[in-house]
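1. everything below, folded, please.
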Amino acid sequence: MAQALNGKLITVFGGSGFIGRHVISILAERGYSVRAAVRHPELAEHLQPLGTVGQIMPVAASVCNKKSVERAVEGACAVINLVGILYESGAQKFDSVQAKGPATVAKVCKEQGINNLMHVSAIGADENSPAVYAKTKAAGEKAVLEAVPGAVIFRPSIVFGPEDDFFNRFGKMAQLFPVLPLIGGGYTKFQPVYVGDVALAIANAIENKAEAGKIYELGGPQIATFKECLQLMLQVIHRKRKLLTMPFLFAHIQAKFMQLLPKPMLTVDQVNLLKSDNVVSKEAQSEKRTFEGLGIEPHSMESILPTYLDKFRLNGQYDAKRPAKL
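-> Model (predicted):
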């Protein structure tokens, strides 16, 4: 049961997205009023049932438009920026959304005296990365900390959960095709993290349970290669599929054509990202800029994947009572 409203307002940019829904649910449960700042408020109505009447308010805003950002954060005690894209489309470019956008949000927070700013980036953010995605993530981090030195930044590894873009994508492919691709041989290491744990970390940081001005790297309890992730997914959905190595060169060529589609399954930028491991750094571990430092014990893939991947089993949810062969 939700607590009584505490009179505090939090603005969440990108609140209608994958992570946003979980963050807003926790904030509403804790009694905050939430202003979900999104480009299309009419597509964010699914958020309102997460709180009491009037507790969650979708508003039109774009991190690329300073005036709309100013309106969205007015009166807020804290701001959370979750906005990011996996590929470029139309006016949605990496530089505008992941570099200039965070800079605008942070600048407005500074102007309005809001020091409690949470910004979600990604493991692998690096100004020297060959991937534009990672370069702009790094630029966004830098701009945020320059404007609001006390901001807290979170870098999650691959995030999994009911609406994720990783396990759901390959689960759908496993329904349709007898073979799944292992780009670069499937050796890239990930540290998949449950969306609910990421949301909890952000919500706790709002309440001063994270050190100001620090970058936290969020990874789950296990490190797994790309191949191991697909093998686990196949075990959960009770399907046998051949895993075929796709060399990086071939993946690059294929991605050049696929990224011309409105919703590409693979882009050149994503291929470049797969050339580096996506795990929590040793520095973050030693300095406890991780879940451990936030007092959170992350969930494993085995405990969560069967709760939402059952739709990819041969008989869908009707196979749910059959235990996954883990």
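
2. spatially, what comes nearest to residue 191 if we skip its sequence neighbours?
-> The shortest distance from residue 191 to any non-neighbouring residue, by C-beta to C-beta, 6 or more residues apart in numbering, is to residue 219 (3.2 Å). (Each C-beta comes from the backbone N, C-alpha and C, glycine too.)

3. thought that neighbour was touching residue 154?
-> No - if you go by C-beta atoms under 8 Å, residue 219 and residue 154 don't touch, sitting 11.3 Å apart.

4. can you map out the helices along the stretch 1-150 of the chain?
-> Taking DSSP state H, counting those that start in this stretch to define them, one finds helices in the stretch 1-150 of the chain at 18-29, 66-73, 94, 101-111, 132-147.

5. now do the SS call for residue 165.
-> Put simply, residue 165 is coil when judged by DSSP: H, G, I helix; E, B strand; the rest coil.

6. so what's it up against?
-> Taking C-beta atoms under 8 Å, 6 or more residues apart in numbering, we find residue 165 in contact with 18, 86.

7. ok, residue 275 next?
-> By C-beta under 8 Å, 6+ apart, the neighbours of residue 275 are 130, 184, 188, 248.

8. kindly present these as CSV, with separate columns for secondary structure, pLDDT and distance to residue 286.
-> What follows is the contacts of residue 275, written out as CSV (DSSP: H, G, I helix; E, B strand; the rest coil; pLDDT from 0 to 100; distance: C-beta to C-beta, whole Å):
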residue, secondary structure, pLDDT, distance to residue 286
130, coil, 94, 27
184, coil, 97, 29
188, coil, 98, 23
248, helix, 97, 32
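
9. for residue 233, state which of those is nearest.
-> Comparing those against residue 233 with C-beta to C-beta places residue 188 closest, at 15.3 Å.

10. run a quick neighbour tally on the closest one.
-> 20 (other C-beta atoms under 10 Å).

11. mind checking how far it is from residue 290?
-> In this view, residue 188 and residue 290 are 20 Å apart by C-beta to C-beta, to the nearest Å.

12. and residue 169, by the same measure?
-> 27 Å.

13. who's more crowded, these two?
-> The neighbour count for residue 169 versus residue 290, taken as other C-beta under 10 Å, is higher for residue 290 (19 against 12).
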